[in-house]
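Asks: sequence unknown, structure follows:
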Ligand SMILES: CC(=O)N[C@H]1[C@@H](OP(=O)(O)OP(=O)(O)OC[C@H]2O[C@@H](n3ccc(=O)[nH]c3=O)[C@H](O)[C@@H]2O)O[C@H](CO)[C@@H](O)[C@@H]1O
Ligand SMILES: C=C(OP(=O)(O)O)C(=O)O
């Protein structure tokens, strides 16, 4: 196990290139199961979630070949191998194997997913969707068993706007007989990306990116080639880093429209931002003003940027209030920020940050989840002295070449193995 070390306080400058989106990649890879010939996915981020999913496709009989940032998936020999345990438990997006395998084989056994511990993360809407399509679904000792004689299109109203349920139902419905209508669907850009891949495979999907998606099932889907959209959460993280420590930073390979809510909030804080088709330029701003944020479904402020944004707010003047309406307990980073000297507390569903005159100090902290890790990286870059972040395996789930990218901007960041004592601490935690 490893830890990240950051010697903070250095101004950052230069360009950083954004990778393909984690939350697209992790749905596109399972989607390839539905094809009857090879699927190539370009602009793939090198992150551990992607590696785990490639291995899962191999477990079910597929072959994968990674060339640079392109993954070719050969689905011809895949079969409905039960996956009740093992890798499926190590990431959230393994739940997409349910929709894809149900669509292709009309059966699947998939262990309940892992992923970031953000409080309860039910999958009842996924199951409601599969059942509406005609599947029998049972939960047996922590694994979901799905079976259908045939899948039939249905009208499905999601009680909660869910990215995962919207994509999972699409994956199964593209092979159902007749029309499926998903109402109150999520509208995230990653949903459009998955619909684009499925359409290139021969699926009939209308309305992805709106709250009503119509899918007309087809008998078979073929291979194709698809390039993943840029990761708006990685881009947002670097924009936050630029606002915190950047003198002049150019962020390349971004779709600025995907980040309107963040851009608006950064401007409200006094950050200077210019955008063009696929770049965001941020330059030194001097004093930052505190702002309030409330996370919402897309196009609202993304919950996945709430944690790194909180770190930035420790530097802003006045009091800021951060409310997460998607995951109201997504505040595990707060105690760690306090360890670094931040004046921040959690009250109910909100974090209250008082940034006045507060200089963070390098400390030993632990990343409890992916974006808590990103928050601690932002804080470490801002802090005086050295910050040691353990729990790096969470960060590796979602940030490609983090140290290289930050070093390219002038950051002092490196990785070391945990000492024997630190390993013991982790084991006992
Ligand atoms: C792999 C992936 O893409 N992960 C993203 C996805 O997670 P994920 O797909 O798990 O998140 P959802 O959009 O499903 O969750 C949104 C809200 O709906 C609730 N809910 C969800 C499903 C369900 O069946 N029942 C239910 O009550 C959740 O508890 C949460 O409060 O969207 C989240 C919200 O943007 C992001 O934080 C994650 O990065
Ligand atoms: C919560 C996240 O990921 P996952 O849903 O994969 O746990 C995230 O990307 O911030």
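Replies: Here it is on my side, so go on. The shown structure was predicted, so the numbers you read here are calculated from the model rather than taken from an experiment. Ligands and ions are numbered 1, 2, ... in the order given.
Asks: For the stretch 101-250 of the chain, give the residue positioned nearest to ligand 2.
Replies: Minimum separation of the stretch 101-250 of the chain from ligand 2 (C-beta to the nearest ligand atom) falls at residue 115, amounting to 2.9 Å. Any C-beta I mention is one placed from the backbone N, CA and C, and that applies to glycine too.
Asks: what's the spacing between that residue and ligand 1?
Replies: Applying C-beta to the nearest ligand atom, to the nearest Å, the value for residue 115 to ligand 1 is 7 Å.
Asks: Then residue 364?
Replies: In this view, residue 364 and ligand 1 are 27 Å apart by C-beta to the nearest ligand atom.
Asks: same check, this time on residue 207
Replies: 18 Å.
Asks: The nearest residue to the residue of the stretch 101-250 of the chain closest to ligand 2 once chain neighbours are set aside: how many residues sit nearby?
Replies: Nearest residue to residue 115 in three dimensions, chain neighbours excluded: residue 92, at 2.6 Å (C-beta to C-beta, 6 or more residues apart in numbering). Residue 92: 19 surrounding residues under other C-beta atoms under 10 Å.
Asks: Who are the contact partners of residue 92?
Replies: Residue 92 sits next to 26, 113, 114, 115, 116, 121, 164 when contact means C-beta atoms under 8 Å, 6 or more residues apart in numbering.
Asks: my guess is the third one is in a strand, correct?
Replies: No: inclusion of residue 114 in a strand is not indicated when DSSP: H, G, I helix; E, B strand; the rest coil is applied; the result is coil.
Asks: pLDDT at it, what is it?
Replies: Model confidence at residue 114, given as pLDDT, is 89.
Asks: what's it in contact with, if anything?
Replies: For residue 114, the contact set (C-beta under 8 Å, 6+ apart) comprises 88, 89, 90, 91, 92, 94.
Asks: do the same with the first one
Replies: By C-beta under 8 Å, 6+ apart, the residues touching residue 26 are 49, 50, 53, 91, 92, 93, 96.
Asks: Quickly find the element holding it.
Replies: helix 22-31 (DSSP states H and E).
Asks: What residues of that helix count as buried?
Replies: Within helix 22-31, the residues that count as buried by 16 or more other C-beta atoms under 10 Å are 22, 23, 24, 25, 26, 27, 28, 29, 30, 31.
Asks: got it, and stretch 388-401?
Replies: By 16+ other C-beta under 10 Å, the buried positions in stretch 388-401 come out as 388, 389, 390, 391, 392, 394, 395, 396, 397, 398, 399, 400.
Asks: Could you do stretch 350-366 as well?
Replies: 350-355, 358, 360-363, 365-366.
Asks: try stretch 97-109
Replies: Neighbour-count burial for stretch 97-109, counted by 16+ other C-beta under 10 Å, picks out 97, 98, 99, 100, 101, 102, 103, 104, 105, 106, 108, 109.
Asks: Grab the nearest non-local neighbour of residue 275.
Replies: Computed as C-beta to C-beta, 6+ apart, the closest residue to residue 275 that is not its neighbour in sequence is residue 256, at 3.9 Å.
Asks: now the one you found: how far from residue 233?
Replies: Distance, residue 256 to residue 233, by C-beta to C-beta, to the nearest Å: 14 Å.
Asks: For ligand 1, give me its nearest residue in the stretch 151-300 of the chain.
Replies: Counting by C-beta to the nearest ligand atom, the stretch 151-300 of the chain gets nearest to ligand 1 through residue 164 (2.7 Å).
Asks: Spit out the contact partners of that residue.
Replies: Per C-beta under 8 Å, 6+ apart, neighbours of residue 164: 92, 93, 95, 96, 123, 126.
Asks: Could you pick out which of the residues you listed are located in helices?
Replies: By the criterion of DSSP state H, membership of the contacts of residue 164 in helices covers 96, 126.
Asks: export the contacts of residue 164 to TSV and tack on pLDDT and distance to residue 416?
Replies: Formatted as TSV, those follow (pLDDT from 0 to 100; distance: C-beta to C-beta, whole Å):
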residue	pLDDT	distance to residue 416
92	95	28
93	97	29
95	97	34
96	98	34
123	96	37
126	98	40
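Asks: Return only those of the contacts of residue 164 found close to ligand 2.
Replies: Counting by C-beta under 6 Å from any ligand atom, 92, 93 from those sit close to ligand 2.
Asks: Can you select the buried ones from the contacts of residue 164 in ChimeraX?
Replies: A single ChimeraX command selects the buried members of the contacts of residue 164 (16+ other C-beta under 10 Å):
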select :92,93,95,96,123,126
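Asks: can you list the residues that contact the helix or strand hosting residue 414?
Replies: Under the criterion DSSP H and E, the helix or strand holding residue 414 is strand 412-417. For strand 412-417, contacts defined as C-beta under 8 Å, 6+ apart pick out 1-8, 10, 377, 380-381, 392, 402-403, 406-407.
Asks: which residues does the residue lying closest to residue 95 once chain neighbours are set aside contact?
Replies: In space, not counting the residues next to it along the chain, residue 95 is nearest to residue 113; the distance is 4.6 Å by C-beta to C-beta, 6+ apart. Residues in contact with residue 113 (C-beta under 8 Å, 6+ apart) are 88, 89, 91, 92, 93, 94, 95, 123.
Asks: same check, this time on residue 404
Replies: Per C-beta under 8 Å, 6+ apart, neighbours of residue 404: none.
Asks: helix/strand/coil for it?
Replies: Classified using three-state DSSP, residue 404 is helix.
Asks: what separates it from ligand 2, distance-wise?
Replies: Taken as C-beta to the nearest ligand atom, the span from residue 404 to ligand 2 is 20 Å.
Asks: again with residue 345
Replies: According to C-beta to the nearest ligand atom, residue 345 stands 23 Å off from ligand 2.
Asks: so what's that residue bridging to?
Replies: residue 352 (DSSP bridges).
Asks: Just give the number of residues close to it.
Replies: 14.
Asks: residues in contact with it?
Replies: Shown in contact with residue 345 (C-beta under 8 Å, 6+ apart): 334, 338, 351, 352.
Asks: quick one: contacts for the last one?
Replies: Contacts of residue 352 were listed using C-beta under 8 Å, 6+ apart, and they are 319, 320, 321, 322, 344, 345, 346.
Asks: Tell me, what's the model's pLDDT at it?
Replies: The score at residue 352 is 97. That number is its pLDDT.
Asks: distance of the closest residue to residue 13 other than its chain neighbours from residue 15?
Replies: Excluding the flanking residues, the one nearest residue 13 by C-beta to C-beta, 6+ apart is residue 247, at 4.7 Å. As judged by C-beta to C-beta, residue 247 and residue 15 stand 13 Å apart.
Asks: Look at residue 256 and residue 233 and report which has more neighbours.
Replies: residue 233 (24 against 20).
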